[in-house]
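S.K.: Pasting the sequence and the predicted coordinates here, then a few questions.
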Amino acid sequence: MGNSTLDEIVAELMLTSDKVSPILHDQVKVWMKTDDIEALGALYELLTEKRFYTRIQPPLQFDDYHSFILQYYERCLREDPDGKWSNSRYSAGGDLVGWFIGLWRDSSVPRSALLELKEWLAKLYKQGDEKLRVCLITATLEHLFQDRKIAKYFADWRKDTILADAYDEALGYANHLRKQ
């Protein structure tokens, strides 16, 4: 028997434009509770692709999905899945850059959400093994730090003995990328 949550989400992703119907907000919230990384990946696509998320009725608000996105990224970063729908460690790290920058530029997003994200990244880095740490530096932080204001926002990492090396390494890569 197949995974019914994954099947339900994929069915929504596969609808052709002539068969588009609303996706119920409450159903999305139920799907967010699954433990299946593949179903979470399919749901992530549904939430991040405009043609899908605009069908959610009533529309999701930031508070409805931001913890889901963080939990999904964390699982991908820690587990490095190799599935059809789920992100690999590095693709999740890259997507995280775009999400952080989007939140950074969106004045309607509470600044506390950015602080939470920065603290979450610090926790992930500190708890992570070497592979996760390298990924966070090369797939996420170095690209975030290409924006000097974001790099400055993370500068307090230099006060932490574990985070200081990550900050300096990522900033070095970012400075090199800026010069290209």
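M.R.: Perfect, thanks for sending it.

S.K.: Residue 93: what's it in contact with?
M.R.: Counting by CB atoms under 8 Å, 6 or more residues apart in numbering, residue 93 makes contact with 77, 135-136, 138-140. Backbone N, C-alpha and C define where each C-beta goes, glycine included.

S.K.: repeat for residue 75
M.R.: Shown in contact with residue 75 (CB under 8 Å, 6+ apart): 37, 40, 81.

S.K.: about what we covered before: let's see which of the contacts of residue 93 end up in helices.
M.R.: 77, 135 (DSSP state H).

S.K.: ok, and for the helix-or-strand element of the chain with minimal mean pLDDT, which residues are buried?
M.R.: Here the helix or strand of the chain ranked lowest by mean pLDDT, DSSP states H and E is helix 50-53, holding a mean of 89. Buried residues in helix 50-53, counting neighbours by 16 or more other CB atoms under 10 Å, are found at 52-53.

S.K.: can you count the residues close to residue 121?
M.R.: Residues within reach of residue 121, counting by other CB atoms under 10 Å, total 23.

S.K.: surely it meets residue 140?
M.R.: Yes - counting by CB atoms under 8 Å, residue 121 does reach residue 140; the two are 7.2 Å apart.

S.K.: returning to what we had before: would you mind putting the contacts of residue 93 into a markdown table with distance to residue 100 and pLDDT alongside?
M.R.: Converted to a markdown table, the contacts of residue 93 look like this (distance: CB to CB, whole Å; pLDDT from 0 to 100):
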| residue | distance to residue 100 | pLDDT |
| --- | --- | --- |
| 77 | 13 | 98 |
| 135 | 15 | 98 |
| 136 | 12 | 98 |
| 138 | 15 | 97 |
| 139 | 12 | 98 |
| 140 | 8 | 98 |
